[in-house]
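Participant: sequence first, then the predicted structure:
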Amino acid sequence: MPDPLICVTVTGRTTEELRRARDLAAHADLVELRLDGVERPDVSGAIEGRLRPVIVTCRPEWEGGAFSGCEEDRRRILCDAVAAGAEFVDVEARAEFAPDIIRRRRGRGVVLSLHAFDQPPRDLPDRLRAMRSTGAEVMKIAVTAAKLSDTLALFELAASKDCSPQQEGSSHVLLAMGQPGAATRLLAARLGNRWTYAGGLVAPGQMPAARMVSEFRFRRIRSDSALYGIAGNPVAHSLSPAMHNAGFAALGLNAAYLPLEAAGVNDFVTFAQAIGLRGASITAPFKVDMLSRVDSCDALAERAGAINTVVVRDGRWAGANTDVEGFLAPLAGRIALKRARATVLGAGGAARAVAVALASQGASVTVSARRRRAAAEVAGLVHGRTGGWPPRAGSWDVLVNATTCGSAGPGDNPMAGVPLDGEIVFDLVYRPTETPLLRQARLEGCLPIGGLEMLVAQAERQFELWTGARPPAGLFRQAAARALGEVEQER
């Protein structure tokens, strides 16, 4: 089966804007021209001079598009596209004029599309067979995934005889809309898709083609690639895919690391077991709850009561906590933690790992959180104490922010108005690279340490647990820094 192509979807308010976007579509094997958002579209003008094959789409409002005119006008636009030589036209299976478009093209170059916005229909095989019977060349089925396991209906359909690559000489594109469906856009080879869709925010869960190619190595993902991923909610802007996929590339491994945004731990486990996941990074808010879903775990994970890593071997799930090692690595050589006074802000999975790490080195640990009961639970893991929120000045040598405070902008500082008079301030937030807390620490004479250092160190250990090899020195740091800059540009 040929490798799946990348179709970049472009939009514009005018035909000229659409043409410019068409010609600037990097990494595209073909381009979808969305005429439904164009005012008074010049169909032939949008097509002529193209550098790549095009799909002309004029999606009506009743199928999630922007076209609000009558169906006869929409039919005329698609017929004009056929006359102008468009390689493909996309017409909805529900459109009354779909048979006319298919007849004009004798099926060739017709993408017959179905969009389900509520939930994956239970009769997908029947619908696909009905679509194939029309004689259209490509069947596109897009379903909305409210949760990660909703996408399994597509993988089951792809594995059925209805999706045989030789079935009536036609091909298909199966994908799930929404962030939980992002993996289906990357696993086009496993789904047997003719192409995948990329490009901006045209559809929920769709990502830029440049990110698909560089960060996720889309063109290297095969139907038999070993699959890994990051499970949590949200995960769309995680830096972990950039690091681990760079590691797989450096070692020449046939593997892919995916964004797996799940509705909960059960949702993730259902998907992972069905898809045959080999390993996963576990992030907020699943680190504590995942502990009960693994068959075994290492001593650090057991002590912290949280895991951030899953390794799957022979069907058994082993949990590990590399956050502990990842947290300690940046502190090595910077401070002697034995008998140091350490205050941890927060009481989640990351705070648990930090508290265990500090206590393992002989530090005296105080946990400060708005949720006093949760703080007491974390402190109890290491025979530590609870403190007020925010901590008072003069009460710590090492201050660690294990909350998300700092990621929302200049005013998001958990220690605002409180002097920082300790030795080290370690903020686990890595976006922005200098958080308001780290800026305050720098200005007030403390040694600031950003979260990127811990992120890289814990990821390197995860990679070793999965592959048996450490990534090349400096590779994960470079990949994370590059991805961090690209994500900021997207925003």
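Facilitator: Good, I have the coordinates. Numbers count the residues shown, from 1 in each chain.
Participant: tell me the secondary structure for residue 259?
Facilitator: strand (DSSP: H, G, I helix; E, B strand; the rest coil).
Participant: show me the contacts for it.
Facilitator: 179, 182-183, 229-230, 235-236, 238, 241 (Cβ atoms under 8 Å, 6 or more residues apart in numbering). Placement of C-beta: from N, CA and C, glycine included.
Participant: filter those residues down to the buried ones.
Facilitator: Among those, those buried by neighbour count (16 or more other Cβ atoms under 10 Å) are 179, 182-183, 229-230, 235, 238, 241.
Participant: returning to what we had before: just the contacts of residue 259: which are in strands?
Facilitator: 229-230 (DSSP state E).
Participant: pLDDT added to the contacts of residue 259, as JSON lines?
Facilitator: Formatted as JSON lines, the contacts of residue 259 follow (pLDDT from 0 to 100):
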{"residue": "179", "pLDDT": "95"}
{"residue": "182", "pLDDT": "97"}
{"residue": "183", "pLDDT": "98"}
{"residue": "229", "pLDDT": "99"}
{"residue": "230", "pLDDT": "99"}
{"residue": "235", "pLDDT": "96"}
{"residue": "236", "pLDDT": "92"}
{"residue": "238", "pLDDT": "95"}
{"residue": "241", "pLDDT": "98"}
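Participant: now, which of the contacts of residue 259 sits nearest residue 344?
Facilitator: Ranked by distance to residue 344 (Cβ to Cβ), the contacts of residue 259 are led by residue 238 at 22.8 Å.
Participant: skipping adjacent residues, who's closest to the closest one in space?
Facilitator: Among residues not flanking residue 238 along the chain, residue 230 sits closest, at 5.2 Å (Cβ to Cβ, 6 or more residues apart in numbering).
Participant: what's the answer for residue 116, then?
Facilitator: Per Cβ to Cβ, 6+ apart, closest to residue 116 is residue 143, 4.5 Å.
Participant: the one you found - that's part of a strand, no?
Facilitator: Yes. Counting by three-state DSSP, residue 143 is located in a strand.
Participant: pretty sure it contacts residue 120?
Facilitator: Yes. Contact criterion Cβ atoms under 8 Å: residue 143 and residue 120 qualify, at 4.2 Å.
Participant: so the two - more neighbours on which side?
Facilitator: residue 143 (26 against 21; other Cβ atoms under 10 Å).
Participant: and the pLDDT for the more buried one?
Facilitator: You'll see residue 143 listed with a pLDDT of 97.
Participant: check contacts around it.
Facilitator: With contacts defined as Cβ under 8 Å, 6+ apart, the neighbours of residue 143 are 115-116, 119-121, 124, 150, 153-154, 175-177, 181.
Participant: ranking by neighbours, what's the top pick from those?
Facilitator: residue 176 (29 neighbours).
Participant: which strands and helices lie in contact with whichever strand or helix holds that residue?
Facilitator: Element membership for residue 176, per DSSP states H and E: strand 171-177. For strand 171-177, the helices and strands in contact under the criterion 3 or more Cβ pairs under 8 Å, 6 or more residues apart in numbering; DSSP states H and E are strand 138-144, helix 152-158, helix 182-186, helix 188-191, strand 195-198.
Participant: where's residue 354, which helix or strand?
Facilitator: Using DSSP H and E, residue 354 sits in helix 349-360.
Participant: and residue 326, by the same measure?
Facilitator: helix 323-328.
Participant: neighbouring contacts of that helix?
Facilitator: 300, 304, 306, 308, 349-350, 353-354, 356-357, 360-361, 400, 426, 428, 454-461.
Participant: okay, that helix in CSV with CA atoms only?
Facilitator: Taking C-alpha atoms only, helix 323-328 is exported to CSV below (Å, rounded to 0.1, in the frame of the first residue of the first chain):
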residue,chain,number,x,y,z
ASP,A,323,10.0,12.6,38.1
VAL,A,324,12.0,11.8,41.2
GLU,A,325,15.3,11.3,39.3
GLY,A,326,14.3,14.1,36.9
PHE,A,327,13.8,16.6,39.7
LEU,A,328,17.1,15.8,41.5
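Participant: pLDDT averaged over the strand holding residue 176, what's the number?
Facilitator: Averaged across strand 171-177, pLDDT comes to 97.
Participant: what strands line up against it, and which way round?
Facilitator: strand 138-144 (parallel) (DSSP bridges).
Participant: what about the strand holding residue 176, distance to the chain center?
Facilitator: 18 Å (Cα atoms, centre = their mean, to the nearest Å).
Participant: which SS class is the residue nearest to residue 459 when sequence neighbours are not counted?
Facilitator: Spatial nearest neighbour of residue 459, chain neighbours left out: residue 243 (4.9 Å); criterion: Cβ to Cβ, 6+ apart. Here residue 243 is recorded as helix under three-state DSSP.
Participant: domains of the protein?
Facilitator: According to automatic domain parsing, the chain is divided into the following domains: 5-207, 241-321+464-490, 329-449.
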